[in-house]
Every structure is written in structure tokens, then in C-alpha cells.
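Chemist: Need coordinates for the below:
(one chain, ligands or ions: 2)
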Amino acid sequence: IFRQLFPDEFQRDVRKYVNKVVSYVYPYVEITFHEYQPDSWFERSKAFVSIERYLSTNSSNRAKRLKANVVKDCESVVLSMDDYEEVTDEFRGIKIWWTSSKSIPKQQALFSYRGKAIAVKTRQRKLYTNNKSENWSGYRRTMWSHIIFEHPSTFDTLAMDPKKKKEILDDLMMFSKSKDYYKKVGKSWKRGYLLYGPPGTGKSSMIAAMANLLEYDIYDLELTSVKDNTDLRKLLIDTSSKSIIVIEDIDCSLDLTGQRKEKKEESKEEEKDPVKKAEEEKGKKNKGSEVTLSGLLNFIDGLWSACGSERLIVFTTNFVEKLDPALIRRGRMDKHIELSYCCFETFKVLAKNYLDLESHDLFSIISRLLEETKMTPADVAENLMPKSFEENAESCLNKLIQSLENAKEEARLKAVEDARIKAEEEAAKKIEENGEKVQESDAKLGDEEGKKTDKHTDVKENGVITA
Ligand SMILES: Nc1ncnc2c1ncn2[C@@H]1O[C@H](COP(=O)(O)OP(=O)(O)OP(=O)(O)O)[C@@H](O)[C@H]1O
Ligand SMILES: [Mg+2]
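Modeler: Ligands and ions are numbered 1, 2, ... in the order given. Below you'll find the predicted structure:
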């Protein structure tokens with residue numbers, strides 16, 4: 001009745017006043033720990049889980065009704081008190097009552113402007129991945145699922161040529177501060193990066209470092225789970241600003257590279273065997289995605305891509321030459337970054353990170369070997385990592401040298417083998433060519449002789465003697 005009769009503001013004032021009066025006589029402080037954070041519906045709060053673990057020893061002795069849970073990182077079952085049970089505890093002379101209860105979350109409270117600013121500053125960043133298009137309907141209609149993004153990679157731990165690293169760092173910082181500039185030149189505030197290079201050279205690590213540097217969320221887009229271009233657009237609209245949209249291994253994601261060629265070959269297609277054609281179409285359907293190259297191009301810089309701002313789009317690939325030039329032209333993929341095999345500069349960063357070493361006598365040998373051998377930073381890092389407590393920095397460096405020498409020897413043997421195969425192929429080709437020549441000359445000879453006999457027969461037939 002009170003709520004119905006009096007306006008909200010009045011109720012608020014009364015409640016504030018009542019709370020104040022009560023606080024004079026009520027000596028307790030109440031703290032609530034929510035099991036789930038308001039913005040993450042499938043990850044339990046760390047504080048809640050810790051309290052649950054702490055109470056499992058206390059509550060299982062005293063409470064009558066218990067709840068059993070299997071907690072992440074813990075193999076055994078954790079017993080905790082059931083809802084509305086109460087357990088008393090003492091901590092440094094202070095009495096504590098632990099109760100657990102259920103509450104249905106209210107609609108998210110309206111943030112004040114200041115609250116929002118703080119939330120943005122201290123917010124935890126998220127790593128999103130797209131759900132399969134078919135699962136978008138029904139209960140929990142979400143296109144993206146997320147977890148808290150906690151990748152330790154930073155530009156300090158990223159091993160690459162310092163000059164190149166600085167260039168990328170400057171580029172990113174410039175981008176994040178250029179809101180007005182982008183507006184002035186009439187471009188939507190986004191930037192595309194293409195990271196290419198062999199496996200294990202730090203492409204994914206660089207994306208994590210970018211997100212950590214700029215404090216952006218990551219949307220890891222799995223193209224094969226997207227039904228068609230319309231769904232791709234929907235996903236784009238559902239991403240937030242201050243984010244990195246990543247498509248890893250773009251060359252493998254879909255047959256985006258071949259589609260242009262396919263169109264050209266379409267006219268020829270009619271001539272194809274109908275059974276073969278049907279099989280191919282079935283194969284295409286089984287892939288489950290009808291996203292086309294033009295759909296993807298629109299996703300990157302079509303009109304829709306301008307909704308929302310401050311976004312990076314990053315593609316990674318192991319085979320840059322396989323990609324359609326339209327996909328990676330400047331303006332779409334503004335910056336092309338090659339991550340390559342480990343050079344000495346890269347090694348130095350890894351040695352500092354993995355072994356705390358700035359210099360060592362063995363560095364000169366490693367420098368020479370790295371020039372002669374191709375080894376990825378991932379492999380170098382793996383060698384530098386101590387595998388037992390007995391290993392020290394020097395033994396790890398020696399391990400790396402051994403590995404490099406092995407790789408060098410393998411490369412040498414492979415080169416010898418390749419040369420042998422090539423020589424054999426060439427010899428076979430030559431023999432074939434010679435064989436053809438012999439046949440040709442035989443044929444010529446045969447022809448001439450044939451002509452002679454023909455003449456002869458002609459002569460005979462004509463009855464004229466010329467010899
Ligand atoms: N440049 C680098 N700096 C620091 N660590 C690196 C670097 N490159 C590789 N690593 C190490 O190797 C591991 C693999 O690297 P990463 O996943 O970034 O490679 P990638 O280029 O994304 O490979 P792929 O093409 O197979 O996806 C990382 O976890 C990291 O520890
Ligand atoms: Mg990767």
C-alpha cells in the first residue's frame with residue numbers, strides 16, 4: 001500500500017532515512033557475493049567459488065542441508081550449504097554469519113555516467129566466439145558466447161625485430177587516438193591488419209598483445225559456422241566498439257579464394273558430367289556455409305561496417321599468396337605484417353623473457369646458426385624453456401644450439417635429396433626427349449624411304465624408268 005500510495009522519490013527518501021536510523025541500533029554489516037557476474041551468465045564469480053571452498057570445511061560440519069558441486073580446477077566434489085542455510089564463523093574476533101540465498105536478478109540498474117566511466121576503465125575484457133547460426137533461435141538467443149579474456153601476451157613478451165615492433169605499436173596507438181582525424185577525412189574509424197607467416201611465428205600472440213595494449217575485446221569469428229552473408233552482417237552489427245574482430249587462417253576458412261575463378265568457369269560447368277556436378281554441390285552444402293567473398297568484403301568495409309567504431313579487423317594466414325588480392329588490398333587490410341622465422345633480434349627477446357638473459361658467450365654461435373637455419377620463434381621458445389629443475393640458462397642455450405644444428409643438418413640433407421630428385425627428373429626428361437628425337441628421325445627416315453618406294457611404285461605404275 002505504501003508503494004502504491006507514495007511516489008518513488010518519496011519512498012527513496014524514506015528508505016534512506018530509515019536505513020540511517022536503523023544503522024544507529026543495528027550493528028551488522030551485510031555483504032553480498034553474487035554467484036554470477038551481471039554481464040557473464042556462464043562464468044561463476046571467483047569470490048563466490050573461493051567462499052564456497054572455504055565454507056565447505058565449516059559448513060559440512062554444521063549445516064544440515066548441503067549442496068554438492070564439482071568446481072573448476074578441483075577434482076573432488078565440494079560440499080557447501082544449501083540455499084537459506086546459515087553457518088556461523090569467527091574471523092579475528094569478528095562474528096560472521098554466512099547465509100546463501102537465491103535471488104532473481106532485477107533488470108540491470110541504470111548506471112550513472114560516472115559509474116559507467118569507472119566500469120569501462122576497470123571492466124574485464126572478453127573473448128567472444130560466434131555460435132553456429134542454427135543455434136541462434138530459441139532459449140538463449142545469442143550470436144556470440146564469451147569468456148573473460150586473460151591472455152598474458154604483451155608487446156614486451158612478443159619477440160620480433162624491435163624496429164618493426166615499434167612501427168606496429170605506433171600505428172596502433174595512433175589509431176586509438178585518431179577519432180577526430182577519421183571523421184575529418186570521412187573514413188569509418190577502423191583499421192585492418194593482415195598477419196601472415198609460417199605456423200608458430202606469433203600471429204595469434206600478436207593479436208592478444210594488441211588487445212592487451214588497447215584494452216579491446218576480441219571477437220574470434222569462425223566463418224565456417226556462419227550460414228550466409230546475412231548472418232555475417234548480423235554478427236557484425238552485434239559486435240561492440242573498442243574491439244578486434246579476428247578471422248584466423250582466412251585461407252582455410254572458406255573457399256574464398258576460388259570463388260572468382262569459379263564464376264569464370266561457370267560457363268564451362270554446363271559441359272560437366274551431371275553426377276559429378278551434383279556431388280560437388282553436395283560437398284558445398286556440407287561445408288555448411290554460403291558466405292561469399294563479396295559478403296566478406298562488405299563485412300569489412302561495406303556500409304554496414306561503419307556502424308560502431310574503433311574496431312580493428314585482423315586476418316591471419318600461413319599462405320598470403322593464396323588470398324584474393326581484393327580481400328587484402330589497402331583500405332581493407334591497411335597494414336600487412338609479416339611474421340617470419342626467428343632472427344637474432346627475435347631470439348634476444350625470447351632469451352630475455354624465458355631465461356632472463358641479456359647476453360651470453362653462446363649468443364654469437366646462436367646468431368650464426370640462426371642466419372643459416374630457419375626455425376620458428378615457437379620452436380626456439382620451446383628449446384629455451386627449462387624442462388627440469390636441474391636445467392639452467394646455459395644448458396637451455398646448449399639445447400637450442402643442438403636443435404639448430406640438427407635442423408641445419410636436416411635442411412642440408414633435404415637439399416641434397418631435392419637436388420638428386422631434380423637431377424633424376426631432368427635426366428629422365430632428357431632421355432625422353434632424345435627418345436622422341438630418335439623416333440622423329442626414324443619416322444623422317446621412314447617417310448623418305450616411303451617416298452622413295454612410293455616413287456618407285458609410282459614409277460612402276462607410270463611405267464617410266466628414271467634410275
Ligand atoms: N614472435 C613470438 N614472440 C613470442 N612468442 C612467440 C612468438 N612466436 C611464437 N611464440 C610462441 O609460440 C607459441 C605459438 O605462437 P602463435 O600461436 O602466436 O603462432 P601463430 O603464428 O599464430 O601460429 P599458427 O599459424 O599455427 O596459428 C606461442 O604460444 C608463443 O609462446
Ligand atoms: Mg595462430
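
Chemist: contacts, neighbours, all on C-alpha from now
Modeler: Fine.

Chemist: Need phi/psi at whichever residue of the stretch 1-150 of the chain sits closest to ligand 1.
Modeler: Nearest residue of the stretch 1-150 of the chain to ligand 1, counting by CA to the nearest ligand atom: residue 150, 13.6 Å away. Per-residue torsions, residue 150: phi -130, psi 70 (degrees, to the nearest 10).

Chemist: Show the contacting residues for it.
Modeler: residue 125 (CA atoms under 8 Å, 6 or more residues apart in numbering).

Chemist: for stretch 237-249, which positions count as buried?
Modeler: For stretch 237-249, the neighbour count (16 or more other CA atoms under 10 Å) marks 239-249 as buried.

Chemist: Give me the subset of these that also touch ligand 1.
Modeler: Checked against ligand 1 using CA under 6 Å from any ligand atom, the buried residues of stretch 237-249 give no members in range.

Chemist: So which of the residues you listed are in strands?
Modeler: 243-247 (DSSP state E).

Chemist: tell me the two of the residues you listed that are most distant?
Modeler: By the measure CA to CA, 243 and 247 form the most distant pair in these, at 13.1 Å.

Chemist: Please identify which helix or strand holds residue 9.
Modeler: helix 8-25 (DSSP states H and E).

Chemist: Send over that helix as PDB, restricted to the C-alpha atoms.
Modeler: C-alpha atoms of helix 8-25 as PDB (Å, rounded to 0.1, in the frame of the first residue of the first chain):
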ATOM      1  CA  ASP A   8       9.200   6.700  -6.000                       C
ATOM      2  CA  GLU A   9      11.300   9.700  -4.900                       C
ATOM      3  CA  PHE A  10       9.400   9.800  -1.600                       C
ATOM      4  CA  GLN A  11       9.900   6.100  -1.000                       C
ATOM      5  CA  ARG A  12      13.600   6.500  -1.700                       C
ATOM      6  CA  ASP A  13      14.000   9.400   0.800                       C
ATOM      7  CA  VAL A  14      12.100   7.400   3.500                       C
ATOM      8  CA  ARG A  15      14.200   4.300   2.900                       C
ATOM      9  CA  LYS A  16      17.400   6.400   3.200                       C
ATOM     10  CA  TYR A  17      16.100   7.900   6.400                       C
ATOM     11  CA  VAL A  18      15.000   4.600   7.900                       C
ATOM     12  CA  ASN A  19      18.400   3.000   7.000                       C
ATOM     13  CA  LYS A  20      20.200   5.800   8.700                       C
ATOM     14  CA  VAL A  21      18.100   5.400  11.900                       C
ATOM     15  CA  VAL A  22      18.500   1.600  11.800                       C
ATOM     16  CA  SER A  23      22.200   1.900  11.400                       C
ATOM     17  CA  TYR A  24      22.400   3.500  14.900                       C
ATOM     18  CA  VAL A  25      21.000   0.500  16.500                       C
END
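
Chemist: pLDDT averaged over that helix, what's the number?
Modeler: For helix 8-25, the mean per-residue pLDDT is 82.

Chemist: sorry, back to before: nearest to residue 19, of the buried residues of stretch 237-249?
Modeler: Using CA to CA, residue 240 comes nearest to residue 19 of the buried residues of stretch 237-249, at 39.3 Å.
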